[in-house]
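Engineer: When you get a sec, could you give me coordinates for this:
(one chain, ligands or ions: 1)
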Amino acid sequence: MKKYNNIQSVLKIRELRKSFGDNHVLNGFSLDLYEGENLVIMGKSGSGKSVMIKCLVGLLFPDSGKIEIMGNDIADLKQVDMNILRMQIGFLFQGSALYDSMTVRENLEFPLRKHKEMYEKKDELVVETLESVGLLSAIDLMPEELSGGMKRRVALARALILKPKIIIYDEPTTGLDPITAKEIIQLMRAIQEKYNTSSLIITHDIDCARVISNRMILLIDGVNYAEGTFNELANSTDKKIKAFFK
Ligand SMILES: Nc1ncnc2c1ncn2[C@@H]1O[C@H](COP(=O)(O)OP(=O)(O)OP(=O)(O)O)[C@@H](O)[C@H]1O
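Structural biologist: Model (predicted):
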């Protein structure tokens, strides 16, 4: 397994706990996301992946534990600093969530509006980012004119336009046909190489995990039950781990 001892951790979670009444969802979950890696998190439905992401971005408060983003303990940050830090994180959510009443260009300009220096270069940034997802030709189209795969690409471009250090992908291939899903996975790899982003990828898609992951974590019973490369985990004899690779 690749060693990351000398590489900086851009995201660190330690002993994260979150319960809703008697439902103990996270029971001491920990992870490190290292600079430049693609880390896949797998967990069955209801295992707490979304809860973990919500804690990361400040939408839920953990009961205990520690979250550090680029070396900053988020519990110590003021809202204004948290907002600055959030700029370093791009999100690609399941539904793509484009603004239907805006063109592709306007969708991409939207995240720039609060950042004066970047907004001044918006035309250049929109073109560059659309080129990197292979969709410059769609710049003046409306979301309804795009296929599912194109929407996902535009959403990825929108996540990239602020040049984030970290990208969080929530089920990036869900709802896409296998060929389009493969194209999105290849694009995720290309993006990582071009921008040297660190990616946290939540997925149920075993093909996606195999192709994209440098490392994987299995979230089982609220903890990081197993960690390793795809092959290490796929060859495990542990019953709970094997269940993911059937
Ligand atoms: N705001 C909330 N209030 C109460 N319970 C919640 C809340 N958010 C999540 N839960 C519970 O936490 C558990 C984990 O939910 P979560 O959405 O994180 O699962 P998941 O791993 O993302 O699932 P999926 O793969 O289906 O998206 C579930 O039992 C869910 O009911």
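
Engineer: Show me the residue sitting in the middle of this structure in space.
Structural biologist: Taking Cα atoms, centre = their mean, the centroid of the chain lies closest to residue 168, which sits 1.2 Å from it.

Engineer: Show residues contacting the helix or strand that contains that one.
Structural biologist: Taking DSSP states H and E as the definition, residue 168 sits inside strand 166-170. Applying Cβ atoms under 8 Å, 6 or more residues apart in numbering, the contact partners of strand 166-170 are 10-11, 33, 49-50, 53, 56, 69, 88-94, 159-160, 188, 191, 197-203. C-betas here are computed from N, CA, C, even on glycine.

Engineer: Close to the ligand as well: tell me which of those residues qualify.
Structural biologist: 49-50 (Cβ under 6 Å from any ligand atom).

Engineer: Now which of the contacts of strand 166-170 would you call buried?
Structural biologist: 10-11, 33, 49-50, 53, 56, 69, 88-92, 159-160, 188, 191, 197-203 (16 or more other Cβ atoms under 10 Å).

Engineer: Which of those residues fall in helices?
Structural biologist: If you go by DSSP state H, the buried ones among the contacts of strand 166-170 have 49-50, 53, 56, 159-160, 188, 191 in helices.

Engineer: hang on, residue 36 in a helix?
Structural biologist: No. Counting by DSSP: H, G, I helix; E, B strand; the rest coil, residue 36 is not found in a helix; it is coil.

Engineer: For residue 17, list the residues it contacts.
Structural biologist: Contacts of residue 17 (Cβ under 8 Å, 6+ apart): 24, 26-29, 62-65, 222.

Engineer: mind redoing it with 6 Å?
Structural biologist: Neighbour list for residue 17: 26, 63-65 [criterion: Cβ atoms under 6 Å, 6 or more residues apart in numbering].

Engineer: Against residue 233, how distant is residue 41?
Structural biologist: 12 Å (Cβ to Cβ, to the nearest Å).

Engineer: what's the answer for residue 104, then?
Structural biologist: 38 Å.

Engineer: Who has more neighbours out of those two?
Structural biologist: Comparing residue 104 with residue 233 by other Cβ atoms under 10 Å, the one with more neighbours is residue 104, at 27 against 23.

Engineer: Is the more buried one in contact with residue 155, as I believe?
Structural biologist: No. Look at residue 104 against residue 155 with Cβ atoms under 6 Å: they stay out of range, at 10.4 Å.
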